[in-house]
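1. Let's see this in three dimensions:
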Amino acid sequence: AEGVLMGGLLLLGLLLAPFVEQLFGLVTRSRLLELSDLQRPLLRKLASEAPGTFEHTLMISSLAEEGVRAIGGDVDLARTGSLYHDIGKLHAPQWFIENQSGNNPHEHLNDPWRSAEILQAHVDEGLKMARRFQLPKPVTNFIPEHQGTLRMGYFFHKAREQNPNASDKPFRYRGPRPQSKETAVLMLADGCEAALRSMPPETSEAEAKDAVRRIIQARKYDKQLALSGLETAESELLVAAFVQVWKRMRHRRIPYPIPARKGFSA
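-> Alright, predicted model coming up:
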């Protein structure tokens, strides 16, 4: 009888666990591992409809995971949040450069203010998708916080070319700024990914670290990390972690000789 009772209580706990998580904004490690499965419908949709964004997401996830591990944060949460941080781009993938193949619709639009609205929309749409697919709040937080209130620098520059007195307010994401170390690391990983990926093969490790430090300092100067709890001493750990991932992804291959194709007589 006691065995049956314990079995019943265990089964009841398993059934009620998702409702308790949703009610109190909690998320278990097993739930995070389940959501980080790349065969999940939303992630498969991202891979098929926005393949460039999906590849960018995988790279960002590697950087964020290594960074969070270096500072002793929640690696499972960082990995899972990173995988879902850009799902809002599914709303209009062709407006983001990683999904374009030569044709950039922003150039035809020629309206930096409208382009800034489109970039902000990927955050808004991401939050809608997170609610539709019932993502836990700790995972959903990565969607707006990875952009914080950052300035959309390229389009702000374009706006200043048209109007030297243009305000930067329409060109800043609406936030909030990162509220945890994990979302702060994702923001930094997102900023460093393009810089690291575009470095020439002859770039030294010291040069790569200097580039990462400059990006981190820029985010600090813009007060994006003020609410995250990320400490100054942890910044150098992130620099080393990001560059370690960069070193892994840029390894060189030996150029194998390709034998000449043999001709055969009729």
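
2. what's downstream of the helix or strand encompassing Ala206, the next helix or strand?
-> Assessed by DSSP states H and E, Ala206 sits inside helix 205-221. Going down the chain from helix 205-221, the next helix or strand is helix 232-249, by DSSP H and E.

3. Just the C-alphas of that next one, formatted as CSV.
-> Only the C-alpha atoms of helix 232-249 are listed here, as CSV (Å, rounded to 0.1, in the frame of the first residue of the first chain):
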residue,chain,number,x,y,z
THR,A,232,34.6,43.4,-13.6
ALA,A,233,36.8,40.5,-12.7
GLU,A,234,34.6,38.1,-14.7
SER,A,235,35.1,40.1,-17.9
GLU,A,236,38.6,38.8,-18.4
LEU,A,237,37.3,35.2,-17.9
LEU,A,238,34.8,35.9,-20.7
VAL,A,239,37.5,37.3,-23.0
ALA,A,240,39.5,34.1,-22.6
ALA,A,241,36.4,31.9,-23.0
PHE,A,242,35.2,33.6,-26.2
VAL,A,243,38.7,33.5,-27.8
GLN,A,244,39.0,29.8,-26.9
VAL,A,245,35.8,29.1,-28.9
TRP,A,246,37.1,31.3,-31.7
LYS,A,247,40.3,29.2,-31.8
ARG,A,248,38.3,26.0,-32.1
MET,A,249,36.2,27.2,-35.0
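
4. Distance from that helix to the middle of the chain?
-> With CA atoms, centre = their mean, to the nearest Å as the basis, helix 232-249 stands 16 Å off its chain's centre.

5. by contact count, what packs against it?
-> helix 51-71, helix 181-197, helix 205-221 (3 or more CB pairs under 8 Å, 6 or more residues apart in numbering; DSSP states H and E). (Glycine included, C-beta is placed from N, CA and C.)

6. returning to that earlier point: any idea how far the helix holding Ala206 is from the chain center?
-> So, by CA atoms, centre = their mean, the centroid of helix 205-221 is 18 Å from its chain's centroid.

7. Next: stretch 103-117.
-> Counting by CA atoms, centre = their mean, stretch 103-117 comes out at 23 Å from the chain centroid.

8. Then stretch 133-148?
-> 11 Å.

9. tell me the mean pLDDT for that stretch?
-> Summarised as a single mean, pLDDT over stretch 133-148 is 96.

10. can you pull the buried residues of it?
-> 135-136, 138-148 (16 or more other CB atoms under 10 Å).

11. Report the residue spans of the stretch 151-266 of the chain with pLDDT below the cut-off.
-> Along the stretch 151-266 of the chain, the parts satisfying pLDDT under 70 run over 251-256, 258-266.

12. and with 80 instead?
-> Applying pLDDT under 80 to the stretch 151-266 of the chain flags the ranges 250-266.

13. can you check the stretch 1-150 of the chain too?
-> For the stretch 1-150 of the chain, the ranges with pLDDT under 80 are 1-2, 4-5, 7-26.

14. on that earlier part again, pull the most distant pair out of the buried residues of stretch 133-148.
-> Comparing all pairs in the buried residues of stretch 133-148 by CB to CB, the longest separation belongs to Pro136 and Gly148, at 20.6 Å.

15. Which strands or helices does the helix holding Ala206 pack on?
-> helix 181-197, helix 232-249.

16. give me every residue that touches the nearest residue to His91 once chain neighbours are set aside.
-> Nearest non-adjacent residue to His91, counting by CB to CB, 6 or more residues apart in numbering: Glu125, 3.9 Å away. Contacts for Glu125 were tallied using CB atoms under 8 Å, 6 or more residues apart in numbering; they are Gly88, Leu90, His91.

17. correct me, but the last one touches Leu119?
-> Translated: His91. No - using CB atoms under 8 Å, His91 is not in contact with Leu119; the gap is 11.5 Å.

18. So for these two, which residue has more residues nearby?
-> Leu119 (19 against 16; other CB atoms under 10 Å).

19. ok, so of the contacts of Glu125, who is nearest Val185?
-> Once CB to CB is applied, the member of the contacts of Glu125 that ends up nearest Val185 is Gly88, at 19.9 Å.

20. Let me know how buried that closest one is, in neighbour terms.
-> As a burial measure, Gly88 scores 23 neighbours (other CB under 10 Å).
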